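Trainee: 3D model of this:
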Amino acid sequence: MVLLSAQGMNQVKIAEVTFTSPDRVRDVIHNFNADGFDSLYPKYAGGRPKVFTLAERREIKKIAKSKPVEHDLPFSTWSLARLADFLIAEGVVDDISHEGLRVLLRQEGVSFQRIKTWKTSRDPDAEQLKTWADREELSVPAH
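Mentor: Alright, predicted model coming up:
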């Protein structure tokens, strides 16, 4: 694709010749322009997922059960993506996918669930106004 592009062929024609989509051709050319020849080699290892040591599993579980603010992070709850990124950045693991992390945490008895959120008011009279609004009944005139 890169060679055909360098020879002046347009992306639609390259897609036809290589039996792929024009979007894929654009991605390959864009990646080549950004990363050079390194972009032509796949970055995934494939194969069986890494087996983590007992010490790594314990550390992952300990961090997952902690709060992000305990690690000076600006959010209140972990997501799998944030936790995986944090574990890699801290050097706990070399690499871990979100799915691999989810499976590992499930095996360790840790589950992530969506948390219900709600808005609160800073108004000191908010609770009084809320109870007043709850007591007010709408009167609908009879026909």
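Trainee: Which helix or strand in the chain has the lowest average pLDDT?
Mentor: The helix or strand of the chain with the poorest confidence is helix 126-135; it has a mean of 63 (mean pLDDT, DSSP states H and E).
Trainee: out of all of them, which helix in this structure is the longest?
Mentor: When the chain is parsed with DSSP state H, its longest helix is helix 22-35.
Trainee: Return the distance of the residue nearest to the spatial centre of the chain relative to K65.
Mentor: The C-alpha lying nearest the average C-alpha coordinate of the chain belongs to A81 (CA atoms, centre = their mean; 3.7 Å). Distance check for A81 against K65: by CB to CB, to the nearest Å, it reads 18 Å. (Each C-beta comes from the backbone N, C-alpha and C, glycine too.)
Trainee: repeat for V103
Mentor: 17 Å.
Trainee: same question, Q11
Mentor: Separation of Q11 from K65 (CB to CB): 49 Å.
Trainee: out of the two, which sits in the more crowded spot?
Mentor: Q11 (18 against 12; other CB atoms under 10 Å).
Trainee: okay, that one: pLDDT?
Mentor: Per-residue confidence at Q11 stands at 91 (pLDDT).
Trainee: repeat for S111
Mentor: Confidence score, pLDDT, at S111: 77.
Trainee: Check whether it really touches R102, as I assumed.
Mentor: No: between S111 and R102 there is no contact under CB atoms under 8 Å: 9.1 Å.
Trainee: of those two, who's got more company?
Mentor: Between S111 and R102, R102 has the larger neighbour count (other CB under 10 Å), namely 16 against 9.
Trainee: what about the closest residue in space to that one that isn't next to it in sequence, how many residues close to it?
Mentor: Once flanking residues are discounted, R102 sits nearest to L80: 5.7 Å by CB to CB, 6 or more residues apart in numbering. The burial count assigned to L80 is 17, neighbours taken as other CB under 10 Å.
Trainee: Tell me the spacing between L80 and S111.
Mentor: Applying CB to CB to L80 and S111 gives a distance of 11 Å.
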